[in-house]
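>>> Give me a model of this one.
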Amino acid sequence: MALFDCTCDATSGHARALTYTTAHGDFHTPMFMPVGTSATVKGITTDQLRELGSQVVLANTYHLAMRPGAELVAEAGGIHRFMNYDGPMLTDSGGFQVFSLADTVKLSDDGVTFQSIYDGSKIHWTPEENMRIQELIGADIAMQLDQCAPYPATREFVARAVDYSSAWARRCLAAHTRSDQTLFGIVQGGMHLDLRLESVRRLREIEEESLAGGGRRFGGYGIGGYSVGEDHEVMFETLGEVARACPDDRPRYLMGVGNPTTLVRAVREGVDMFDCVLPTRTARMGTAFSSAGRMNMRNAKYARDFAPLDPACDCPTCRNHTRAYIRHLVKQNEMLGAILLSVHNLHFLLDLMRRAREAVLADAYEEFFEQWMESDAAADY
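Here you go, the predicted structure:
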């Protein structure tokens, strides 16, 4: 397969199993991506990521641009060499982080001006500058600069975010030149189906114009602006139609979503890729995903429970440690507790998506979905 080729290996209903080729190897969907914000998945070594079967790791453009700086990452040989991870990687644009600083952000047609959380300095990003930074960092997949609207927001505000995101998508695609890196466009539009579909339409029009002029198309489509405060039932009112409006010959990436049941439901709607800090963040809070649903390891009922964390799981944590020991670590605020739970939670999501893929390949995704929804594991978040 050529670089950034996408092959559909099977479908089962709307669920899909894809193979996507990058300069650092192929990855297979459905797939969850661990988040390595500052070139590290918190508490997890790159060797552990390989052992867990991680396919793609996400790093954050905003944080890396601030510290240690994109130029330093490039000097180190790019993000893969800098963090010693030889698999495919993705950088988000940093747009979500920028727009979470709402009080300091100023928008214009040219780009966005914001205040650094590190030293308070004023920084201006144009789409072209954002592409320059992501090309220096050197991940296999870059994301366009976009405006992520919060929830709730007025329709007028969301429509303006679609305008900015569409205009910046055109400029990002024109500015992106690195041949061993592909660029994903991002769909915005809040909870308004018509605005979402308009955002997709504009992205498809932009790449058609680019191809007509001898340029490139987007390597995939990110679906942003969900899981920003709304109930997930609200998200599912529009997600399926939005996902299936995106091109069917490239990955569809639902950004920032990571609880297990939402992943299982979203795959059924035609989504291929996911990322979220949830598995490691909740691990640091003492919480585990499991086949019995969410587990709060601070609970006293685990104090003398010498069973594995999840008897149905074969991750290193569950093979080697008891609930009583993990609770002890969590209660004592020992860093090993967060590490062991992070290993388990990441394995849980990676394995869940592996089993989802197997179900698609067997054309049995509806059965897989129904079994999950009827199980105790569905009681996560």
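>>> center of the chain - which residue?
Against the mean C-alpha coordinate of the chain, by C-alpha atoms, centre = their mean, the closest residue is D275 at 2.3 Å.
>>> right, and that residue touches G256 too?
Yes: D275 is within contact range of G256, at 6.6 Å (criterion: C-beta atoms under 8 Å). C-beta: built from backbone N, CA, C; applies to glycine.
>>> For the stretch 51-200 of the chain, just list every one of the helices.
61-66, 70-75, 79-83, 95-99, 127-137, 155-175, 193-212 (DSSP state H, counting those that start in this stretch).
>>> got the buried residues for the third one?
Applying a neighbour-count criterion of 16 or more other C-beta atoms under 10 Å, one finds 79-80, 82-83 buried in helix 79-83.
>>> Quick check: of those, which lies closest to F157?
I79 (33.5 Å; C-beta to C-beta).
>>> how close does Y226 get to V360?
22 Å (C-beta to C-beta, to the nearest Å).
>>> Counting neighbours, what do you get for R160?
15 (other C-beta atoms under 10 Å).
>>> In contact with it: list those residues for me.
Q147 (C-beta atoms under 8 Å, 6 or more residues apart in numbering).
>>> And L346, by the same measure?
Applying C-beta under 8 Å, 6+ apart, the residues near L346 are 34, 41, 44, 52, 54, 279-280.
>>> Looking at the helices of the stretch 51-200 of the chain, which is nearest to T322?
Using C-beta to C-beta, these put helix 79-83 closest to T322, at 32.2 Å.
>>> Domain map for the chain?
30-276, 283-378 (automatic domain parsing).
>>> The ones you listed: which one's closest to M1?
domain 30-276 (13.2 Å).
>>> if I look at the residue of the chain most remote from its centre, how far off is A59?
Largest separation from the mean C-alpha position in the chain: R304, at 36.8 Å (C-alpha atoms, centre = their mean). Distance, R304 to A59, by C-beta to C-beta: 41 Å.
>>> go on, T126?
21 Å.
>>> What of R204?
Distance of R204 to A59, computed by C-beta to C-beta: 28 Å.
>>> Neighbour count for these two, which is higher?
With neighbours defined as other C-beta under 10 Å, R204 and A59 compare such that A59 has more, 25 against 17.
>>> Which residues are in contact with that one?
Counting by C-beta under 8 Å, 6+ apart, A59 touches 36-39, 79, 83, 89-91, 137, 139.
>>> quick one: pLDDT of the residue nearest to V264 when sequence neighbours are not counted?
The shortest distance from V264 to any non-neighbouring residue, by C-beta to C-beta, 6 or more residues apart in numbering, is to W372 (4.9 Å). Per-residue confidence (pLDDT) for W372: 98.
>>> roughly how far apart are W372 and Q115?
On the measure of C-beta to C-beta, W372 and Q115 end up 43 Å apart.
>>> Could you list the buried residues of stretch 212-226?
Neighbour-count burial for stretch 212-226, counted by 16+ other C-beta under 10 Å, picks out 216-226.
>>> Average pLDDT for it, rounded please.
Here the average pLDDT along stretch 212-226 is 97.
>>> Kindly export it (C-alpha atoms) in PDB.
Extracted in PDB, the C-alpha atoms of stretch 212-226 (Å, rounded to 0.1, in the frame of the first residue of the first chain):
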ATOM      1  CA  ALA A 212      -8.300  20.500  -9.200                       C
ATOM      2  CA  GLY A 213      -5.400  22.800  -8.700                       C
ATOM      3  CA  GLY A 214      -2.800  20.000  -8.300                       C
ATOM      4  CA  GLY A 215      -2.900  20.000  -4.500                       C
ATOM      5  CA  ARG A 216      -3.800  17.300  -2.000                       C
ATOM      6  CA  ARG A 217      -6.900  16.100  -0.200                       C
ATOM      7  CA  PHE A 218      -7.500  15.600   3.500                       C
ATOM      8  CA  GLY A 219      -6.200  12.300   4.700                       C
ATOM      9  CA  GLY A 220      -9.200  11.800   7.000                       C
ATOM     10  CA  TYR A 221     -11.900  13.700   8.800                       C
ATOM     11  CA  GLY A 222     -11.900  14.700  12.400                       C
ATOM     12  CA  ILE A 223     -15.300  15.200  14.100                       C
ATOM     13  CA  GLY A 224     -14.700  17.900  16.700                       C
ATOM     14  CA  GLY A 225     -16.900  19.900  19.100                       C
ATOM     15  CA  TYR A 226     -18.600  16.900  20.700                       C
END
